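Asker: When you get a sec, could you give me coordinates for this:
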Amino acid sequence: MITLLCDGLPNGPSTALVNIPSFSSLSKAIDVGQKFVYHSGLLANQDIEFSFSNKPLIWESTISPINRAIKNAEIDLISELLMAHEALISPLDMEIENSVALYISQKLRESLEGLIQALFYKNNVLVKVYVEALIGLGQGLTPSGDDRLLGLMLVLYLYGDRFQDEIYQIEQIVDNSQDKTHDISWWMLHHGSLGQFNEWLLDYGNLLSKPFQSDSLLNEKACLLKILSIGSQSGGDMVTGILSGLKLVKMTNIEWGFK
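Answerer: Residues are numbered from 1 along each chain as shown. Below you'll find the model as predicted:
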């Protein structure tokens, strides 16, 4: 399965960028599951034909492991950007029944916080409970729980030497959860559980892997703003997962020789 993205969005595993600015400009809509044939550099069926942006069709994720402590200023930057982002999207929540929105918001918060504690204490039983609770939780094509889990998995892979067993466990849980979320979202989680992420997440992760310098916060902010622009809420949920993951890392710093 391949997800088609219009030009200007981040490439990634199982996605292909096509040379159109927006799918709304097409004369005919594309249905989920619609089949295309690839031939001579074009993707086509009887109604629509696409050429590709100048990006590889086979996506390779390369994550550079981190061997430094995250600065408090980096955590504060993410928190500030998330607060500003949430203030912008909060009017959209009025379209959802308040009781439903509050229930989902509470479950998302409780499940992610519970997962962080379970990962810290290496409680495999509760890791399974909270990962399964997040998968498929929320609205949209990629539910908020999936997006938050993806952001967290990025951090777990960046600090893979600390979380090898936990990464393997999450991979197994995701593999057995295909019926709990949408196909597109499950494939996103599947790739994330293998350490494969879209290019904006990779750009941010690779920035974190570099020594902290005077311009680091500016570069990280630029990357985070790109991630926050994904979808209406997906980017914010991914960054929420990243923030939770970095807080987990700080909880384990003393054990790994960092202050």
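
Asker: Is residue 106 within a helix or a strand, and which one?
Answerer: If you go by DSSP states H and E, residue 106 is part of helix 98-120.

Asker: Where does the spatially most distant residue from the centre of the chain sit, in terms of helix or strand?
Answerer: Distance from the C-alpha centroid of the chain, by C-alpha atoms, centre = their mean, peaks at residue 46 (33.8 Å). Using DSSP H and E, residue 46 maps to neither a helix nor a strand.

Asker: picking up where we left off before, in the helix holding residue 106, what's buried?
Answerer: For helix 98-120, the neighbour count (16 or more other C-beta atoms under 10 Å) marks 104, 107-108, 111-112, 114-116, 118-119 as buried. For the C-beta atoms, the positions are set from N, CA and C on the backbone; glycine is no exception.

Asker: ok, back up a step: report pLDDT for the residue farthest from the centre of the chain.
Answerer: You'll see residue 46 listed with a pLDDT of 77.

Asker: likewise residue 168?
Answerer: For residue 168, pLDDT reads 97.

Asker: what about it, neighbour count?
Answerer: Number of residues near residue 168 (other C-beta atoms under 10 Å) recorded here: 11.

Asker: For the helix or strand harbouring it, which helices and strands make contact with it?
Answerer: Assigned by DSSP H and E, residue 168 falls within helix 164-175. Packing contacts for helix 164-175, counted by 3 or more C-beta pairs under 8 Å, 6 or more residues apart in numbering; DSSP states H and E, involve helix 124-134, helix 144-158, helix 183-193.

Asker: again, only this time at 6 Å
Answerer: Using 3 or more C-beta pairs under 6 Å, 6 or more residues apart in numbering; DSSP states H and E, the elements in contact with helix 164-175 are helix 124-134, helix 183-193.

Asker: Going by contacts, tell me the helices and strands next to the last one.
Answerer: Spelled out, it's helix 183-193. Against helix 183-193 (3+ C-beta pairs under 6 Å, 6+ apart) you get helix 144-158, helix 164-175.
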